[in-house]
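A.B. asks: next input, structure requested:
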Amino acid sequence: MGDSRILVVDDEPDFLATVQGYLEERGFDVLTGSSCRQAESMFASTKPDAAVLDYSMADGNILETLPRLHALDPSIPIVIMTGHASIELAVQAIKLGAEHFLTKPLDMPTLVVMLERSLENQRNRRKQAFNQARCNRDGINPFLGTSNAIRALAEVTARVASAGSPVLIHGETGTGKSVLARWIHEHSTRAKEPLVDLNCGGLTRDFLETELFGHERGAFTGAVQTKAGLLEIAHKGTLFLDEIGDVDLQVQAKILKVLEEKQFRRLGDVRDRRVDIRLVAATHQNLGQLIRDNRFRSDLFFRISTIPLSVPPVRERFEDMPMLVDHLLERLSTELGCGKVGITPEAMRRLQSYSWPGNIREMRNVFERAVLLSGNRIITERDLHFDQNDWPESTTDNLGKTLEQMERDHISQVLQAEGGRIEAAARRLDIARSTLYAKLKHYKLDAAAQDASAGS
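C.D. replies: Numbering: from 1, shown residues only. Coordinates of the predicted model:
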């Protein structure tokens, strides 16, 4: 709690100095103001972790300002102080968004206890929100199957999940690295804390820095308000960085500092913040080759690869195909609301004769395409189309398109089907929300426009 930023506003200078000094001695970062107008402007610009506000000041009473403060960020706890307390006033303040109500003369230890309790409740609410979002993201069991490769992975992962050491997951695109990362978190000692994930693939250095570390208001052009980074949100929990091989070298140095010193600094800030996270990283690239090409830091590699795990591609575990197919079709039935979906023996043999370069993610997309285009609940060999040269004549308009064009069209169609909802579209596409945002930017797609198209 000691790193928390507290906004204290009171129009009595001596009292304000007393509160500020007492809180700073206990490790809080204190910002001060002396009017209702300052309370509102500083609340918006600095995004404090909590606020302690006097009820009556020269330019009005804080109850008139409370609704606007609550609208700016309802998650920030507010404590109201007054020298003229009444039950009616306290009830009114709580209804308008205050979390606590204290009378003057102020008992400083009580104020500290209230702040600590409020900040803990705030962290728990954020944690619950992330856990709920995590639960809503459907994923498959990372150890579905009986092959030697998947059993070996399950055995090693079970032994190391509860450790606090960093984990490096290697595997081809679509093998389920993010699903494995989620399993590790859920079976670790941090399972009740947040799991925060970010796909670093294709992200610029500036965007990645502000996402991870956050920024202060005015840190750069366009930074109109303070933003907490994912590191702060993942405090006490797990941070999953997918495609870490794409991270810029300068950002790699900052990540290394976080791992070694357990602290970081927001962009535009002058002080370090303590953080406790477990890092799980993943990549489909050969990090050893990237190190030789001076594109990845060897010291960071040695720091994150304490526990290396490798997810086998589908072509190395064909004996697991029936279990994978059954599970994916069951999920697809639920998502599409089309009833139980089956598959013919001929179609299953066709699946097992294909190399699956896109692995499980490609398999899911093949099934979804088969169900949507055929309208059948039983997938036949004729319904399976693995690449653009394998499509029936009715879809020959795709033959002249590049893979990028086909991906753009597919993303646009999924967004329309989901009414422009990013979370739902990312779930259907089986990619991280950050990845979908990056692709929308790359393809110049507007989710709102897709929503409008869907409704027209």
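A.B. asks: can you give me the helices for the stretch 351-456 of the chain?
C.D. replies: For the stretch 351-456 of the chain, the helices defined by DSSP state H, counting those that start in this stretch cover 359-374, 403-417, 422-429, 433-443, 447-455.
A.B. asks: and the angle for the longest one with helix 403-417?
C.D. replies: When you say that, I think you mean helix 359-374. Using axes from the mean of the first three to the mean of the last three Cα atoms, to 10 degrees, the direction of helix 359-374 lies 60 degrees away from that of helix 403-417.
A.B. asks: what's the residue of the chain positioned farthest from its centre sitting at in phi/psi?
C.D. replies: Relative to the average C-alpha location in the chain, and by Cα atoms, centre = their mean, no residue lies farther out than His84, which sits at 44.4 Å. His84 adopts backbone torsions of phi -130, psi 70, taken as degrees, to the nearest 10.
A.B. asks: same check on the one 5 residues further on?
C.D. replies: Note on Leu89: backbone dihedrals following degrees, to the nearest 10 are phi -70, psi -40.
A.B. asks: gap between it and Phe101?
C.D. replies: As for Leu89, its distance to Phe101 is 8 Å (criterion: Cβ to Cβ, to the nearest Å). From N, CA and C alone the C-beta is placed, and that goes for glycine too.
A.B. asks: looking at those two, which has the bigger crowd around it?
C.D. replies: For Leu89 and Phe101, the more surrounded residue by other Cβ atoms under 10 Å is Phe101, and the numbers stand at 20 against 16.
A.B. asks: so where is the stretch 51-200 of the chain shaky, pLDDT-wise?
C.D. replies: Applying pLDDT under 70 to the stretch 51-200 of the chain flags the ranges 126-140.
A.B. asks: show me the strands in it, by range?
C.D. replies: Counting by DSSP state E, counting those that start in this stretch, the stretch 51-200 of the chain has these strands, from start to end: 56-57, 60-61, 78-82, 100-103, 167-170, 195-199.
A.B. asks: touching the second one from outside, list them.
C.D. replies: By Cβ atoms under 8 Å, 6 or more residues apart in numbering, the surrounding residues in contact with strand 60-61 are Cys36, Tyr55.
A.B. asks: closest one to Leu16 among the helices of the stretch 351-456 of the chain?
C.D. replies: For those, proximity to Leu16 was assessed by Cβ to Cβ; helix 433-443 is nearest, at 41.5 Å.
A.B. asks: could I get the average pLDDT for that closest one?
C.D. replies: When pLDDT is averaged along helix 433-443, the result is 82.
A.B. asks: again with stretch 290-308
C.D. replies: Mean pLDDT, computed over stretch 290-308, is 95.
A.B. asks: what residues sit buried inside that stretch?
C.D. replies: Buried residues in stretch 290-308, counting neighbours by 16 or more other Cβ atoms under 10 Å, are found at Leu290, Ile291, Arg295, Phe296, Arg297, Leu300, Phe301, Arg303, Ile304, Ser305, Ile307.
A.B. asks: in helices, which of those residues fall?
C.D. replies: When DSSP state H defines the helices, the subset of the buried residues of stretch 290-308 inside them is Leu290, Ile291, Leu300, Phe301, Arg303, Ile304.
A.B. asks: which residues touch the first one?
C.D. replies: Neighbour list for Leu290: Gly245, Phe296 [criterion: Cβ under 8 Å, 6+ apart].
A.B. asks: what do you get for the last one?
C.D. replies: Contacts of Ile304 were listed using Cβ under 8 Å, 6+ apart, and they are Pro166, Val167, Leu168, Ile244, Leu259, Leu279, Ala281.
A.B. asks: repeat that for 10 Å
C.D. replies: Under the criterion of Cβ atoms under 10 Å, 6 or more residues apart in numbering, the contact list for Ile304 reads 165-168, 241, 244, 252, 255-256, 259, 279-281, 283, 287, 297.
A.B. asks: what about it, distance to Ala149?
C.D. replies: The value you get for Ile304 to Ala149, if Cβ to Cβ is used, is 23 Å.
A.B. asks: ok, the fourth one next?
C.D. replies: In this structure, Phe301 and Ala149 are separated by 24 Å, where distance is defined by Cβ to Cβ.
A.B. asks: could you check the pLDDT of the nearest residue to Thr65 once chain neighbours are set aside?
C.D. replies: Of all residues not flanking Thr65 in the chain, Cys36 sits nearest, at 4.8 Å (Cβ to Cβ, 6 or more residues apart in numbering). As summarised for this prediction, Cys36 has a pLDDT of 92.
A.B. asks: what number of residues lie near Cys36?
C.D. replies: Using other Cβ under 10 Å as the criterion, Cys36 is surrounded by 25 other residues.
A.B. asks: again, but for Glu120
C.D. replies: Other residues near Glu120 come to 11 when the count uses other Cβ under 10 Å.
A.B. asks: got it, and Thr204?
C.D. replies: The burial metric for Thr204, expressed as a neighbour count using other Cβ under 10 Å, is 11.
A.B. asks: now Met108. Nearest residue, chain neighbours left out?
C.D. replies: Closest residue to Met108 in three dimensions, ignoring its sequence neighbours and counting by Cβ to Cβ, 6+ apart: Tyr22, at 4.9 Å.
A.B. asks: go on, Ala219?
C.D. replies: Taking Cβ to Cβ, 6+ apart as the measure, Ala219 lies nearest to Gly268, with 2.7 Å between them; neighbours along the chain are not counted.
A.B. asks: I'd say that neighbour and Gln225 touch.
C.D. replies: No: when contacts are counted by Cβ atoms under 10 Å, Gly268 is not listed as touching Gln225 (11.7 Å).
A.B. asks: between the two, what contacts are shared?
C.D. replies: Common neighbours of Gly268 and Gln225 (criterion: Cβ under 10 Å, 6+ apart): His215, Glu216, Arg217, Gly218.
A.B. asks: out of those, flag the one nearest to Ser374.
C.D. replies: If you rank these by distance to Ser374 using Cβ to Cβ, His215 comes first, at 49.0 Å.
A.B. asks: let me know whether that closest one touches Arg266 as I believe.
C.D. replies: Yes: here His215 reaches Arg266: they are 5.6 Å apart, a contact under Cβ under 10 Å.
A.B. asks: who touches both of those two?
C.D. replies: Where contact means Cβ under 10 Å, 6+ apart, the residues bridging His215 and Arg266 through contact with each are Glu209, Thr226, Lys227, Ala228, Gly229.
A.B. asks: that concludes my questions; thank you for your assistance.
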